[in-house]
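Chemist: coords please:
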Amino acid sequence: MMPNKAMMGAVLALGCVLAHASAELPRLHLMTESSPPVSMLEGGRVIGSGTEKVIEMMTRTGTGYTIELLPWRRGYTVVQQRADACLYSTTRTPEREKLFKWVGPTDEGEWVLLGRADRTYNLHTLEDARTLRIGTYNGDVRDDYLRTRGYQVDPAPHDMINARKLLAGRIDVWAAGMKRGTTQLQRDGWGGKIVPVLTFNRIGVYLACNPAVSTELIERMNAALEAMGRDGTTKRIDRKYEAWTVAKPPKPQ
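Modeler: Predicted coordinates:
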């Protein structure tokens, strides 16, 4: 039986509507750095507590996405140039406020000076570290913060290199970002060797999006994140990665 013209017209019209709807669905290019257990590459896939929170937001808002793991400086450059890009986990500072649209905070953390356990430090404020060589991560917000305030920074291309520099005596302290109560130092095998000696800032980290990303989508993602906090999803994800190690990553859920 041959379809009549009315039926063919209805099918074509429906196809046009579906194609238009598909084209209207938002899609974002997400970027992050290697920063276990928040974001890291495992088995060719980006995982981590921050990653799972961002993916959950994408799912709840019906937003398509791709995720790319990049060095921080490169990701920070791309998110300012690419209209569909967002970068996590980004510290929100007054200097960055107008550069991005913000979703979050997705997590909270502390900026900590880490020192050698076999050395005595007498640090009560950041000013007390004025004469010390401070290991930082090139392009990171802590590097910028300390550099612009005249501290002696010694940046590394990867943050974890600072642990080896500290133990070798090439730097005096390491400016790291950590979650309060974390056992990351012990899990990385530095327990008893590297210890916190001063917390000098407390911050929130966000999904920072290019200003071209629609405000409506930003609001929907923020609403989804708030709902995740209310229904326990955020805490469940954080607990999943509390004991994460390179040898035994958590199983996907």
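Chemist: pLDDT of stretch 148-168, averaged?
Modeler: What stretch 148-168 shows for mean pLDDT is 94.
Chemist: which residue is the nearest non-sequential neighbour of the residue sitting nearest the centre point of the chain?
Modeler: Centroid-nearest residue in the chain, with C-alpha atoms, centre = their mean: Ser89, separated by 1.9 Å. Distances taken as C-beta to C-beta, 6 or more residues apart in numbering place Val205 nearest to Ser89, at 3.8 Å, with adjacent residues excluded. C-betas here are computed from N, CA, C, even on glycine.
Chemist: tell me who's in contact with the one you found.
Modeler: Listed by C-beta atoms under 8 Å, 6 or more residues apart in numbering, the contact set of Val205 reads Gly50, Tyr88, Ser89, Thr90, Thr91, Arg92, Gly104, Pro105, Thr106, Asp107, Glu108, Gly109.
Chemist: A helix includes it, no?
Modeler: No: read with DSSP: H, G, I helix; E, B strand; the rest coil, Val205 is strand and lies in no helix.
Chemist: show me what it is bridged to.
Modeler: Counting by DSSP bridges, Val205 is bridged to Thr91, Asp107.
Chemist: can I get stretch 82-98 as PDB, trimmed to CA atoms?
Modeler: Provided in PDB are the C-alpha atoms of stretch 82-98 (Å, rounded to 0.1, in the frame of the first residue of the first chain):
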ATOM      1  CA  ARG A  82      36.000  27.800  22.800                       C
ATOM      2  CA  ALA A  83      32.400  28.800  23.000                       C
ATOM      3  CA  ASP A  84      31.100  25.400  24.200                       C
ATOM      4  CA  ALA A  85      33.900  24.700  26.700                       C
ATOM      5  CA  CYS A  86      33.900  24.300  30.500                       C
ATOM      6  CA  LEU A  87      36.800  23.500  32.800                       C
ATOM      7  CA  TYR A  88      36.800  21.800  36.200                       C
ATOM      8  CA  SER A  89      37.900  22.000  39.000                       C
ATOM      9  CA  THR A  90      38.500  25.800  38.800                       C
ATOM     10  CA  THR A  91      39.100  28.100  41.800                       C
ATOM     11  CA  ARG A  92      36.800  31.100  41.700                       C
ATOM     12  CA  THR A  93      38.700  34.300  42.400                       C
ATOM     13  CA  PRO A  94      37.900  38.000  42.000                       C
ATOM     14  CA  GLU A  95      40.400  38.100  39.100                       C
ATOM     15  CA  ARG A  96      38.600  35.300  37.200                       C
ATOM     16  CA  GLU A  97      35.000  36.300  38.100                       C
ATOM     17  CA  LYS A  98      34.100  38.000  34.800                       C
END
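Chemist: so Arg27 touches Met58, yeah?
Modeler: No: the pair Arg27 and Met58 does not pass the contact test of C-beta atoms under 8 Å, sitting 9.5 Å apart.
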